[in-house]
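Q: Quick check, what structure comes out for this input:
(one chain, ligands or ions: 1)
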Amino acid sequence: MSVTNSLLVTGAAGQLGRRVVELLLESKAGRVIAGTRSPEKCGDLAKRGAIVRKVDFDEPHTLSDAIAGVDRVLLISTDSMELGRRGQQHERAIGVLVEAGIKQVVYTSLARAEKGSPVLLAGDHISTEKSLAESGLGHTILRNNLYTDLLMMSLPKAVAMGKLFAAAGTGGAAYVTREDCARAAAAALSAAFEGKRTLELTGPSVVTHADLASLASELSGKRVDYVPMEPDALAGAMVTQGMPEAVAKLWVSFDVGMARGFFGPASTAFHELTGKAPTGVAEFLSTHRQAFVAAANG
Ligand SMILES: NC(=O)c1ccc[n+]([C@@H]2O[C@H](COP(=O)([O-])OP(=O)(O)OC[C@H]3O[C@@H](n4cnc5c(N)ncnc54)[C@H](OP(=O)(O)O)[C@@H]3O)[C@@H](O)[C@H]2O)c1
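A: Okay, the predicted model is just below:
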């Protein structure tokens, strides 16, 4: 690929976007444009060579301005919790990319974003994938599995209680680290590929909640038991603990997705894109053992 390729990463102030920009700069993948609602948060990226431009999907003209001269775009899904809103934002953005005749759009979707998924956010990703399919644009859909990183929030709480409550039954997820998602996205954006493909991006294996409970026990030295619950009972318990009902339902829908097999099986996509093996859950947690134990004791 020519070093003059211009690569735009949207959401560059977010955790994933920022890391992709860093990786592209490190590998000298081309001209790197960091698009964000908050250019002031990307001064360090500018110092390292990125061109920072304002991009807000709610103000589509910002994207039209930012993609002048751009060849390939990483469209990072937004973080709205209002169901349907992400899909609308992405659809508007794709409309702008069509006008500009972008050669390849890489989109961060959700594991098995297919009809029948019980995950409440799946609809937004299904509609975005449909918009991409209908756009005629070359695209790589990266269906990111659940971030392993999120276990650093949920598992220490389980250690503190000695119980891991979930509505995932015996199902699990092929968790993938955010770092591996960034590496895969950077590889897909800087590759020469101009066709259409959908890749399930996962870690090396499916990990169940029984596995997580035993990993949490090993890391902390405290006994942790997995307590399977019914989805409604778990959502009710979360609401009683103070979680807004909509958030509790959303959270529990991921568990139901696991119970029904929507977060597996593991794939070889990460290796195909990067030539490397993805990081497993046990490896990730033991690398962050100190922070894990501190969070469990805090
Ligand atoms: N696989 C998983 O387990 C998992 C977990 C959490 C989230 N996600 C999804 O993956 C995405 C990236 O993850 P992350 O860890 O980087 O999340 P994050 O740090 O919370 O970042 C949120 C992202 O949404 C972007 N965004 C929000 N509103 C936008 C708008 N109006 N226009 C354009 N961009 C907008 C932000 O861009 P700027 O701030 O730069 O404008 C930022 O990149 C999330 O937004 C979410 O869709 C996946």
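Q: Please pull out the lowest mean pLDDT helix or strand from this protein.
A: helix 289-297 (a mean of 90; mean pLDDT, DSSP states H and E).
Q: Centre of the chain to it, how far?
A: 24 Å (C-alpha atoms, centre = their mean, to the nearest Å).
Q: Pull out the buried positions in that helix.
A: Buried residues in helix 289-297, counting neighbours by 16 or more other C-beta atoms under 10 Å, are found at Phe292, Val293, Ala295, Ala296. Using the backbone N, CA and C atoms, a C-beta is placed for each residue, glycine as well.
Q: these two touch, right, the first one and Lys157?
A: Okay, so that is Phe292. No: checked against C-beta atoms under 8 Å, the pair Phe292 and Lys157 is beyond contact range at 11.3 Å.
Q: pLDDT on stretch 145-159, on average?
A: Model confidence over stretch 145-159, given as mean pLDDT, is 96.
Q: And for stretch 50-68?
A: For stretch 50-68, the mean pLDDT works out to 97.
Q: likewise stretch 20-37?
A: Summarised as a single mean, pLDDT over stretch 20-37 is 97.
Q: Around the ligand, pick out the residues from the stretch 151-298 of the chain.
A: Arg178 (C-beta under 6 Å from any ligand atom).
Q: give the contact list for the residue in the stretch 151-298 of the chain positioned nearest to the ligand.
A: Residue nearest to the ligand within the stretch 151-298 of the chain (C-beta to the nearest ligand atom): Arg178, separated by 5.6 Å. By C-beta atoms under 8 Å, 6 or more residues apart in numbering, the contact list for Arg178 reads Gln15, Leu16, Arg19, Tyr147, Thr148, Asp149.
Q: And the residues you listed, which of them are buried?
A: Leu16, Arg19, Tyr147, Thr148, Asp149.
Q: Show me where the chain dips below the pLDDT cut-off.
A: For the chain, applying pLDDT under 70 flags the ranges 1-4.
Q: Centre-most residue in it?
A: Asn144 (5.0 Å; C-alpha atoms, centre = their mean).
Q: so that residue touches Leu201, yeah?
A: Yes: with contacts defined as C-beta under 8 Å, Asn144 counts as touching Leu201 at a distance of 5.1 Å.
Q: shared neighbours of these two, which are they?
A: Listed contacts common to Asn144 and Leu201 are Val176, Cys181; contacts here mean C-beta under 8 Å, 6+ apart.
Q: Buried by neighbour count: which residues of the helix or strand harbouring Leu25 qualify?
A: Here Leu25 sits within helix 15-26, counting by DSSP states H and E. Neighbour-count burial for helix 15-26 flags Leu16, Gly17, Arg18, Arg19, Val20, Val21, Glu22, Leu23, Leu24, Leu25 (criterion: 16+ other C-beta under 10 Å).
Q: which one is the second one nearest to, not counting chain neighbours?
A: Right, Gly17. Leaving aside its sequence neighbours, Gly17 sits nearest to Gly11 (C-beta to C-beta, 6 or more residues apart in numbering; 3.9 Å).
Q: Tell me how many other residues crowd that neighbour.
A: Using other C-beta atoms under 10 Å, Gly11 has 24 neighbouring residues.
Q: Enumerate every residue touching it.
A: Counted by C-beta under 8 Å, 6+ apart, Gly11 has contacts Gly17, Gly35, Thr36, Val55, Ile76, Thr78.
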